[in-house]
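1. what follows is a predicted protein model with its sequence.
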Amino acid sequence: MVTAVQQTDRDASGYAGSPGIPEPMDHVWTGRRHSTPWIFGTMLFSALCSITAAFVLSVDAVSLAANPEAELSCNINAVLSCGAVGVSWQASLFGFPNAFLGLVTEPVVITIAVACLSGVRFKRWFMFSAQVVYLLGLIFAYWLFWQSSFRIHALCPWCLLITLGTTLVFMTLLHVNIRDRNLYLSERAQARAESLVRMNIDLLVTFALLFTVIAIILLKYGATVFG
């Protein structure tokens, strides 16, 4: 009877729903980079950076709505210009400033990070859903970067900070979801994913993404990006 009750509680928790996959055990993952404080501390810092940038961009969007010619503090030069990006159609893709999305989504990420740092473990379906939603956010962030670089021909420093924050949040979320087996992978795929994370391949992917952004900026704009 006790075993049956424990099994029922385990299934209801949302963890380890696939046969043969045990519940996540943090102690199996050695090393600070795989620890809960390190992962969610990084996530919290990244989300705070993103929401700060989103708040500034939201204020700027209101200013541009009142006066499209307004001089913004982040209009640094011809390349680094929030104003040029802010008045483009890409900056309000859904009919309102994109920055408003950050004001809605980043508090959720902050809540997840703070709760997990406090010892809360969310259900498997919730963490999987968060991963999917943030994948869409990552794609959107890099689409905006591409549009800024090759269509608008101007870069917004605060948008670049959001791209950085979004990348870090997505990769830390992926890290913890692989560690805690939240992605509904087959046993073979799960074992492969864990092996890659243990080898720090996810960290290399993170650096590769950020290096690609920096390389594109330097190759396209060169020294002009510095004024």
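-> Nice, thanks for sending it over. Just so you know, these numbers come straight off a predicted model, no measurement behind them.

2. between the two ends of stretch 147-161, how far is it?
-> Here the two ends of stretch 147-161 are set 16 Å apart, with distance taken as Cα to Cα, to the nearest Å.

3. from residue 114, how far off is residue 39?
-> Using Cβ to Cβ, to the nearest Å, residue 39 is found at 13 Å from residue 114. All C-beta atoms are positioned from the backbone trio N, CA, C, and that covers glycine.

4. those two: which is more packed in?
-> In terms of neighbours (other Cβ atoms under 10 Å), residue 39 is the more surrounded of residue 39 and residue 114; the figures are 24 against 14.

5. what sits against that one?
-> Counting by Cβ atoms under 8 Å, 6 or more residues apart in numbering, residue 39 touches 33, 172, 175-176, 179.

6. so can I have JSON lines of these showing distance to residue 149 and secondary structure?
-> As requested, those are exported to JSON lines (distance: Cβ to Cβ, whole Å; DSSP: H, G, I helix; E, B strand; the rest coil):
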{"residue": "33", "distance to residue 149": "31", "secondary structure": "helix"}
{"residue": "172", "distance to residue 149": "25", "secondary structure": "helix"}
{"residue": "175", "distance to residue 149": "28", "secondary structure": "helix"}
{"residue": "176", "distance to residue 149": "31", "secondary structure": "helix"}
{"residue": "179", "distance to residue 149": "34", "secondary structure": "helix"}
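
7. how near is the closest residue to residue 68 other than its chain neighbours to residue 110?
-> Once flanking residues are discounted, residue 68 sits nearest to residue 87: 5.3 Å by Cβ to Cβ, 6 or more residues apart in numbering. Distance, residue 87 to residue 110, by Cβ to Cβ: 30 Å.

8. what's the answer for residue 90, then?
-> According to Cβ to Cβ, residue 90 stands 26 Å off from residue 110.

9. now swap in residue 51 and tell me
-> Noted for residue 51: a distance of 7 Å to residue 110, by Cβ to Cβ.
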